[in-house]
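From the sequence below, what's the structure:
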Amino acid sequence: MTVSPRPNFFLLLSLNPSVQWDTEHYQQALQQKIAQWNRESQGITKKALSAQINRTLLPQVQEVMENPVLRENEAAAARHLLARFYRMQHDQFERQLTLLNLKDTAEPEEIATFICDFKHILQPDEIRKRITVKIASTTDASTGQPQELDASLLKNITDRLEILHMKTLYELLQASNKEETANLLHISEELYTSLVRLQPSIESTVKMELAGFATTIFQSETMRACYDTTIQMQSLQRFFKDLDDSMRRATNKELSPRQILFYLEEAFQAGWDEDEALQQLKMHARLHHWFLILPY
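Next up is the predicted model:
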């Protein structure tokens with residue numbers, strides 16, 4: 001039967017093999033370990049069995065650690081083990097860092113956990129310098145992309161547009177979405193004024209209400225940007241609903257390259273940049289635990 005190698009006694013007692021020997025510190029560490037092993041040795045758990053084995057090693061621990069020659073040999077072996085462990089940990093750090101930096105984005109919590117996991121390898125500031133992945137946050141998510149329109153305001157607009165069989169306020173105003181915001185505000189105000197003078201009807205009332213909403217939307221670049229973002233997101237949400245229905249019937253939760261290309265083409269037609277549309281799809285897939293097989 002093969003006998004398992006005993007643990008290194010410096011490491012067993014949590015003593016640093018690279019510092020000057022301190023007998024008093026050794027005795028304190030030994031007594032603390034004895035008390036710990038006595039507590040843990042009760043029962044038949046793995047932890048208890050390990051404590052029982054360590055208790056049987058006490059005579060050998062004292063023999064080695066209280067003999068200067070044997071102790072120095074033990075310290076040299078401990079330094080060798082720690083160096084090997086450090087190399088393994090450093091290699092693991094480099095591999096994990098590579099995988100982290102290959103991601104499109106990483107959450108702040110993931111970065112914090114990564115730094116905590118490897119702070120014994122490098123200082124936190126040094127680790128941060130090595131991290132090149134884009135770190136996502138609530139502010140980063142909206143950088144360069146305005147927030148969407150208030151839900152209640154959007155519903156009021158959408159419900160009335162549906163009555164007129166229209167999709168956007170641009171269609172109501174018979175204007176391009178490239179039109180200057182100031183011009184759109186002027187058109188909205190003129191339309192509202194002209195509708196007020198008409199004999200009330202369902203159509204004129206709905207148009208007048210929409211013209212009022214348009215005046216609110218196009219009174220500032222910020223509000224207009226929110227509306228434009230909402231329109232764009234609606235186009236994706238319609239496609240995401242189609243995807244949800246399709247994937248609900250599938251047992252294999254994978255989006256094929258052809259499905260992704262079809263989605264990207266739809267998004268492009270709706271005015272989306274390909275990279276932005278792909279990021280939106282990745283976030284949607286992550287929420288639903290889908291796998292993406294990218295076409296490139």
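
Pull the residues that contact stretch 9-19.
With contacts defined as Cβ atoms under 8 Å, 6 or more residues apart in numbering, stretch 9-19 is touched by 25-26, 29-30, 33, 54, 57, 60-61, 64-65, 74-76, 78-79, 81-82. Every residue, glycine included, has its C-beta placed from N, CA and C.

which ones among those residues are found in strands?
Using DSSP state E, no member of the contacts of stretch 9-19 sits in strands.

Just the buried ones out of those, please.
26, 29-30, 33, 54, 61, 64-65, 74-75, 78, 82 (16 or more other Cβ atoms under 10 Å).

Do you know the pLDDT at the nearest residue to I231 once chain neighbours are set aside?
In space, I231 comes closest to T168 once its chain neighbours are excluded; the distance is 5.9 Å by Cβ to Cβ, 6 or more residues apart in numbering. Confidence at T168, expressed as pLDDT, is 91.

Secondary structure element holding I231?
helix 221-249 (DSSP states H and E).

Same question for that helix: list its buried residues.
223-224, 226-236, 239-240, 243, 247.

do the same with stretch 107-123
Quick answer for stretch 107-123 (16+ other Cβ under 10 Å): 111, 114-115, 118, 122.

Which residues does that stretch contact?
86, 89-90, 93, 96-97, 100, 124, 127-128, 130-131, 135-137.

among those residues, which are in strands?
Short answer: the contacts of stretch 107-123 in strands (DSSP E) are I135.

Quick check: which of the contacts of stretch 107-123 has the minimum pLDDT.
Among these, pLDDT bottoms out at S137, giving 57.

domain ranges for this protein?
Domain ranges of the chain: 1-74, 151-227, 250-292, per automatic domain parsing.

Now for V61: which residues touch it?
Shown in contact with V61 (Cβ under 8 Å, 6+ apart): 9, 12-13, 30.

can you redo these as TSV with pLDDT and secondary structure?
Converted to TSV, those look like this (pLDDT from 0 to 100; DSSP: H, G, I helix; E, B strand; the rest coil):
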residue	pLDDT	secondary structure
F9	95	helix
L12	94	helix
L13	94	coil
L30	95	helix
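
If you rank those residues by neighbours, which is first?
Neighbour tally across these (other Cβ atoms under 10 Å): the maximum, 24 neighbours, falls on F9.

For A250, see how far away that residue is.
58 Å (Cβ to Cβ, to the nearest Å).

again with L102
From L102 to A250 the distance is 28 Å (Cβ to Cβ).

What of I157?
Counting by Cβ to Cβ, the gap from I157 to A250 is 35 Å.

And those two? Which one has more around it.
I157 (22 against 10).

The more buried one is in contact with A211, isn't it?
No. In this structure I157 lies outside contact range of A211 using Cβ atoms under 8 Å: 11.1 Å.

Quantify the burial of R95 by counting its neighbouring residues.
R95, neighbours per other Cβ under 10 Å, totals 10.

picking up where we left off before, specify which member of the contacts of V61 is nearest to Y263.
L12 (58.0 Å; Cβ to Cβ).

Just the buried positions in stretch 267-283, please.
So for stretch 267-283, counting by 16+ other Cβ under 10 Å, buried means 267, 270, 272, 277-281.

cool, stretch 170-186 as well?
Judged by neighbour count using 16+ other Cβ under 10 Å, the buried positions of stretch 170-186 are 170, 172-173, 175, 181, 184-185.
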